[in-house]
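Asker: sequence and predicted structure below; questions after.
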Amino acid sequence: MIAELITKVLFLIAVIDPLGSVPVYLEATKQFDEKYRRRIAIRASIIAFAILLFFILVGQIILEGMEVSLDAFQISGGVILFLFALTMIFGEGKPAYEKHLINDYKHVTIFPVAIPSIASPGAIMAVVLATDNHIYTIEEQALTTLMVLIVVVLTMLLLLGATIVQKRIGDYGITVISKIMGLILASYAIQSILSGLRDFFVVLK
């Protein structure tokens, strides 16, 4: 049980990538004073969690309303997560990519800090997969939701101390850690694809 919780927390940390949001946040808030920067960190984290919570609650309902089978969802979700992981590993990296998204410094709280830096497409897909109604009980889903909240709070704390974090680790260190998180995420994605294929062929038999 404890090992499973640790695995899920590591998975959520990998997909949300709290450290990867630090340089994005610093770039997005460089024109503001310290007080307003802190407000942006808190608001962006709250908005990101609200988005993830929304998909935890209704993401699967929407998919099932479109008559998407559990196996197809698990396979497609794994493929999307795998592609997302590849961009983390081989791309220019989350921090560099998301810095390029900043065009309007007046509305950086929502974009790109809350979305896609914290609540990324990969994170949204991941929380839907991790709270599947056909696999997990209500208690397990509630525990996963709590872990998502913990990881988002951790992200918020890192953003509040972003200047110190960047000085200690540096952009290069953050990029390296982001790529390691991508590798972990890729492993989870492949496992999700294999599980979906296995269950699909079992049903056919």
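Answerer: Perfect, I can see it now.

Asker: which helices and strands sit right next to the helix ranked longest in the chain?
Answerer: When the chain is parsed with DSSP state H, its longest helix is helix 162-204. Applying 3 or more Cβ pairs under 8 Å, 6 or more residues apart in numbering; DSSP states H and E, one finds that helix 162-204 contacts helix 2-16, helix 21-28, helix 70-90, helix 94-99. No exception for glycine: its C-beta is placed from N, CA and C like everyone else's.

Asker: what's the most buried one of those?
Answerer: helix 21-28 (a mean of 25; mean count of other Cβ atoms under 10 Å).

Asker: tell me what the helix or strand just after it is packed against?
Answerer: Note on helix 21-28: by DSSP states H and E, the next helix or strand toward the C-terminus is helix 34-65. Contact analysis of helix 34-65 by 3+ Cβ pairs under 8 Å, 6+ apart lists helix 21-28, helix 121-130, helix 138-160 as its packing neighbours.

Asker: contacting residues around the nearest residue to residue 11 once chain neighbours are set aside?
Answerer: Once flanking residues are discounted, residue 11 sits nearest to residue 188: 5.5 Å by Cβ to Cβ, 6 or more residues apart in numbering. Counting by Cβ atoms under 8 Å, 6 or more residues apart in numbering, residue 188 touches 11, 14, 81.

Asker: what is the nearest of those residues to residue 158?
Answerer: residue 14 (14.9 Å; Cβ to Cβ).

Asker: tell me the pLDDT at the closest one?
Answerer: Residue 14 is assigned a predicted lDDT (pLDDT) of 90.

Asker: I am finished for the moment; much appreciated.
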